[in-house]
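Student: everything below, folded, please.
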Amino acid sequence: MSALTTLDGIRDIKVYQYKTGYRFSVDALLLYDFARMRYVRNIADLGAGSGIIGLLLARKYPEARVKLVELQESLYGLVLKNISLNELDSSVEAELADIKHVKEKFEYMSFDMVVSNPPFRKPATGRLSVGQERAIARHELALKLSDLAGAASHLLKARGRFFMIYHPERLPEVFDELRQSRLEPKRIRFVHNSSGAGSKIVLIEAVREGRPGLKIEKPLFIYCEDGSYTEEVSAMYGDGR
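Tutor: Residues are numbered from 1 along each chain as shown. Purely as a prediction, here's the structure:
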């Protein structure tokens, strides 16, 4: 595409990414794998970045319509190119929009599934990423947790499901915000780099107007002792690595 981008991919999806901007990580694959529903007609990816998660889900649910919502114009331009690159123009659309304003952009209760890999560091915590693009993607500079929960609740049909990835330290806050937006946490899975490491990521599923009752799945380990991916993560890649 240009000297400023690289062409990367996961499974059968390829995406252009800026060399020095926000780039997807294994988090995208973990969230894609965690997001499971029997029947899906409409999917929204809030804060789509390069579009990798939504594009993966479009392959997973070929009958579904997918909306990729991105705030930053530089990333939005990549999303448009990546949709065409993967020949998914008939089922995937991009929307340049602020997640805080989805109520003005999308019909109420019109999606079965909403996914998001949102910024989870508060502005005063953690080292700020180099460059505004990565800083916005990783810190709550343009999006608060309450705004995200409210947007997901607006979009989801009754019993629709919201899937997100977040920092375990903020799990109580996440649960509070989700419940205030009528999203009941139903399933979580803690992710660890290795069997001897603490969890730095948690995968969360919440159901709009769901009944109380939380399932905690077995922990997910990314790496073996020799630094290679575990069998489970290798299977997620789907390429025999």
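Student: worst-scoring helix or strand of the protein, pLDDT-wise?
Tutor: Among the helical and strand segments of the chain, the one scoring lowest on mean pLDDT, DSSP states H and E is helix 132-138, with a mean of 43.
Student: pull the distance from stretch 206-219 to the chain's centre.
Tutor: Shown here is stretch 206-219, whose average C-alpha point lies 18 Å from the average C-alpha point of the whole chain (CA atoms, centre = their mean, to the nearest Å).
Student: which residues are contacting it?
Tutor: Residues external to stretch 206-219 that are found in contact with it (CB atoms under 8 Å, 6 or more residues apart in numbering): 152-153, 156-162, 164, 178, 182-192, 199. In short, each C-beta sits where N, CA and C put it, glycine included.
Student: try 7 Å
Tutor: Contacts with stretch 206-219, where a contact means CB atoms under 7 Å, 6 or more residues apart in numbering, come from 153, 156-162, 178, 182-190, 192.
Student: one step back: what's the first helix or strand after the least confident helix or strand of the chain?
Tutor: Counting by DSSP states H and E, the element after helix 132-138 in chain order, helix or strand, is helix 145-155.
Student: same for that next one, what does it pack against?
Tutor: strand 42-46, helix 102-105, strand 111-116, helix 171-180, strand 183-192 (3 or more CB pairs under 7 Å, 6 or more residues apart in numbering; DSSP states H and E).
Student: tell me what angle the fourth one forms with helix 145-155.
Tutor: Regarding helix 171-180 and helix 145-155, their directions subtend 40 degrees when assessed with axes from the mean of the first three to the mean of the last three CA atoms, to 10 degrees.
Student: now do stretch 185-205: distance to the chain's middle.
Tutor: When C-alpha coordinates are averaged (CA atoms, centre = their mean), stretch 185-205 and its chain have centres 15 Å apart.
Student: can you tell me the distance between the two ends of that stretch?
Tutor: 6 Å (CA to CA, to the nearest Å).
Student: residues in contact with it?
Tutor: Judged by CB under 7 Å, 6+ apart, the contacts made with stretch 185-205 from elsewhere in the structure are 27, 30-31, 34, 161, 163-166, 168, 171, 174-175, 178, 206-207, 210, 213-217, 219-223, 225.
Student: and the strands in this protein, which stretches?
Tutor: For the chain, strands defined by DSSP state E occupy the ranges 5-10, 13-18, 42-46, 65-70, 92-96, 111-116, 156-166, 183-192, 199-208, 215-216, 220-221.
Student: and the second one, which strands flank it?
Tutor: Within its sheet, strand 13-18 is paired with strand 5-10 (antiparallel), according to DSSP bridges.
Student: and for the partner strand, what's in contact with it?
Tutor: The set of residues that contact strand 5-10 without belonging to it, under CB under 7 Å, 6+ apart, is Lys14, Val15, Tyr16, Gln17, Tyr18, Lys19, Ala28, Leu29, Ile52, Leu56, Tyr237.
Student: average model confidence for that strand?
Tutor: For strand 5-10, the mean per-residue pLDDT is 91.
Student: C-alpha coordinates for it, CSV please?
Tutor: Output for strand 5-10, consisting of C-alpha atoms alone and laid out as CSV, is shown next (Å, rounded to 0.1, in the frame of the first residue of the first chain):
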residue,chain,number,x,y,z
THR,A,5,2.2,0.5,6.2
THR,A,6,2.7,-3.2,6.6
LEU,A,7,0.5,-6.1,5.4
ASP,A,8,-0.3,-8.4,8.2
GLY,A,9,-2.8,-11.1,9.0
ILE,A,10,-4.5,-13.6,11.2
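Student: please consider this matter closed, and thank you.
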